[in-house]
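# Provided below are the primary sequence and the corresponding predicted coordinates.
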Amino acid sequence: MELLIVIAIIGILVTIVLIAIDPVRVIQNSQDTKRRAEMNQIKTALQMYFNDNRDYPASGTPTLTAGLVPTYVRGQLPGVTAVTSFNYTKISTTDYRASVPVNHTTGDDTDSVTKCSGPANSYSVCPD
């Protein structure tokens, strides 16, 4: 009988801890952090491309990938996966918009969307 009570108490404590930690949200926050970091890598690669060519690559992920890999990005373009719908659009010779959706927006995300005219619930980058 005592063993059943101890097991029940441990079960209740584990449930409380799991609710407090919210592992799904922790995983989503880590995915969001990775997406923001990848967008900043893409922004840096685009700035280096612009410095060399005085223009940004044409719109579209395949064109962007061909323009940046392997000269400005080693391996493959970060954030370009089937899971992440990364968007890049060349606006003009001196302007572009790139964004990636995030699960949980922060103040930085809202500021980036406002500054770059990006879609809601995303992290956006554009020339400074």
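Structure's in. What do you need?
# for the rest of this, base every contact and every neighbour count on C-alpha atoms.
Will do.
# worst-scoring helix or strand of this protein, pLDDT-wise?
helix 61-68 (a mean of 78; mean pLDDT, DSSP states H and E).
# restricting to C-alpha, output that one in CSV.
Taking Å, rounded to 0.1, in the frame of the first residue of the first chain, the C-alpha atoms of helix 61-68 are listed here in CSV:
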residue,chain,number,x,y,z
THR,A,61,15.2,30.6,-53.1
PRO,A,62,17.0,28.8,-56.0
THR,A,63,18.4,32.0,-57.4
LEU,A,64,19.4,33.2,-53.9
THR,A,65,21.1,29.8,-53.2
ALA,A,66,23.0,29.9,-56.5
GLY,A,67,24.1,33.5,-55.8
LEU,A,68,25.3,32.9,-52.2
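# list the buried residues of it.
T61, L64, T65, G67, L68 (16 or more other C-alpha atoms under 10 Å).
# how about stretch 96-111?
Under 16+ other C-alpha under 10 Å, the buried positions of stretch 96-111 are Y96, R97, A98, S99, V100, P101, V102, D109, T110.
# quick one: neighbours of D95, just the number.
Neighbour count for D95, taken as other C-alpha atoms under 10 Å: 14.
# repeat for D32
With neighbours defined by other C-alpha under 10 Å, the count for D32 comes to 20.
# could you verify my assumption that it touches V100?
No - in this structure, D32 is not within contact of V100 by C-alpha atoms under 8 Å, at 9.2 Å.
# quick one: the helices in the protein, in order.
For the chain, the helices defined by DSSP state H occupy 2-21, 23-53, 61-68, 107-116.
# as JSON lines, the buried residues of helix 61-68 with distance to A20 would be great.
Putting those into JSON lines (distance: C-alpha to C-alpha, whole Å) gives the following:
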{"residue": "T61", "distance to A20": "39"}
{"residue": "L64", "distance to A20": "42"}
{"residue": "T65", "distance to A20": "41"}
{"residue": "G67", "distance to A20": "45"}
{"residue": "L68", "distance to A20": "43"}
